[in-house]
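>>> model this:
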Amino acid sequence: MYRWIQGHIKSTQTISIMKKMISAAALFLPLSLLAQDVPFEVKGTIADPGTPSRAYLYYRVGADNFTDSAEVDKGAFVIKGKVPAPVRGTLVVRPLPGSGKAFRMESLGFYLEKGTLQVSSDKGIGDAKVSGGPLNADYTRLQEATKSAKAQYQEAGKAYAAADEATRKSEAFKKSQNEKYDAIRKEEKASLLAFVKANTASPVALDGLQQYAGSMPDDVKEIEDLLHSFAAPVQNSVGGKAFAKTISGWKNTAIGAQAPEFAQNDTEGKPVKLTDFRGKYVLIDFWASWCGPCRAENPHVVKAYEKYKSRNFEILGVSLDQPTGKAAWLKAIEDDKLTWTQVSDLKFWDNEAAKLYGVRGIPQNFLLDPKGKIIARNLRGDALEAKLAEVLTN
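So this is what the prediction gives:
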């Protein structure tokens, strides 16, 4: 899937390949746009599921998650609602509990904008098309622009899934997969850049720019310049201002910068400050209990910690768990044997530290020297141990 959501990773570990095929960590990143009262109506017509089912519409407004739903009657359903500004939503159709029928893991992304939105397909929801409204027309064009790359990501994912364990561990296979994803990402970025430059007056271009930038771009100035090329209403929208803040976070967390200070409560509710770790090498590790790639990466982090914790090295885990997710967070800490300090404000993607550091995808980390300067970031698998071996030579 989208390699950018996990950052540009060059680890030779198998997990580096897995992470490029999983985008769930950032699946529900919000994109609120122009501030206005937006009533919407979603009219769906799909193939009859053949069993009692409901359509579920998921979306976010600020830090809050919302779910609207409606019964599916012979393939037809209607969902009405209102949002303070256009926002991207995700639609799924599921059989009712107790029906005894499994459902395909399909979803449909589109914009909740003013008016009636038609969702139609002679198959399932994953094959549906959306019509109605200028934002969805632009979004359809954005999807078309990246359709080829997405298909290639899927094929690469199938190749990985079909390989046996011995093949997946071979250096030749991992190198081949990395090169394949590099080529796909290059093509995808070219398509996204062309769309962004041709649609600077459309709020959907902001979506394209965020995809182009990824979780931590190499050239932050390029992303900032592209944002500044957008029409004023897009730049001044809720989403535009939020992305400008993300860019500011990226600039503040460049290699060599002084790590921004923050404080959050630990698992017992006691406040912990980043400066509490001054004088040590510190890895700020952003993760969450619900993040599959994070949980898969944790064994590598545990291994590095056990090897270097007696050599002036510490880890500060920052969880992006949800307000209702404290129990899951604590269980994940125990299950994954994370023995270092863990903090969270339980605000999901609105975690204050994550926003301060420009974090848009997890797992993501920053390595600080004893003076609090950032000396590395996004260290995964072997790369983490290699960097620690380099700086902890004495």
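
>>> Flag the shaky bits of the stretch 1-150 of the chain, pLDDT-wise.
Applying pLDDT under 70 to the stretch 1-150 of the chain flags the ranges 1-36, 63, 99-105.

>>> now for the host helix or strand of Glu41, which elements pack on it?
Assigned by DSSP states H and E, Glu41 belongs to strand 38-45. Packing contacts for strand 38-45, counted by 3 or more Cβ pairs under 8 Å, 6 or more residues apart in numbering; DSSP states H and E, involve strand 76-83, strand 108-112, strand 115-120. (Glycine included, C-beta is placed from N, CA and C.)

>>> ok, Thr253 touching Ala259?
Yes - proximity of Thr253 to Ala259 meets the contact threshold set by Cβ atoms under 8 Å, at 7.1 Å.

>>> shared neighbours of those two, anything?
366, 374 (Cβ atoms under 8 Å, 6 or more residues apart in numbering).

>>> and the angle from the strand holding Glu41 to strand 76-83?
Inter-element angle recorded for strand 38-45 and strand 76-83: 170 degrees (by axes from the mean of the first three to the mean of the last three Cα atoms, to 10 degrees).

>>> Give the partner strands of strand 38-45 in its sheet and their orientations.
The strands that strand 38-45 pairs with in its sheet are strand 76-83 (antiparallel), strand 115-120 (parallel) (by DSSP bridges).

>>> Break this structure down into its domains, please.
Following automatic domain parsing, one gets these domains for the chain: 3-24+144-252, 38-132, 263-391.

>>> For these, please prepare CSV with the additional fields distance to Asp138 and mean neighbour count.
Formatted as CSV, the domains of the chain follow (distance: least, Cβ to Cβ, whole Å; neighbours: other Cβ atoms under 10 Å):
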stretch, distance to Asp138, mean neighbour count
domain 3-24+144-252, 4, 17
domain 38-132, 9, 17
domain 263-391, 21, 18
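
>>> by contact count, what packs against the helix or strand hosting Ala242?
In the assignment (DSSP H and E), Ala242 maps to helix 238-252. The helices and strands touching helix 238-252, judged by 3+ Cβ pairs under 8 Å, 6+ apart, are helix 204-213, helix 220-228, helix 232-235, helix 352-356.

>>> re earlier: mind putting the helices and strands packed on strand 38-45 in JSON lines, distance to Met216 included?
Formatted as JSON lines, the helices and strands packed on strand 38-45 follow (distance: least, Cβ to Cβ, whole Å):
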{"stretch": "strand 76-83", "distance to Met216": "29"}
{"stretch": "strand 108-112", "distance to Met216": "23"}
{"stretch": "strand 115-120", "distance to Met216": "33"}
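
>>> Among the ones you listed, which comes closest to Asp336?
For the helices and strands packed on strand 38-45, proximity to Asp336 was assessed by Cβ to Cβ; strand 108-112 is nearest, at 30.5 Å.
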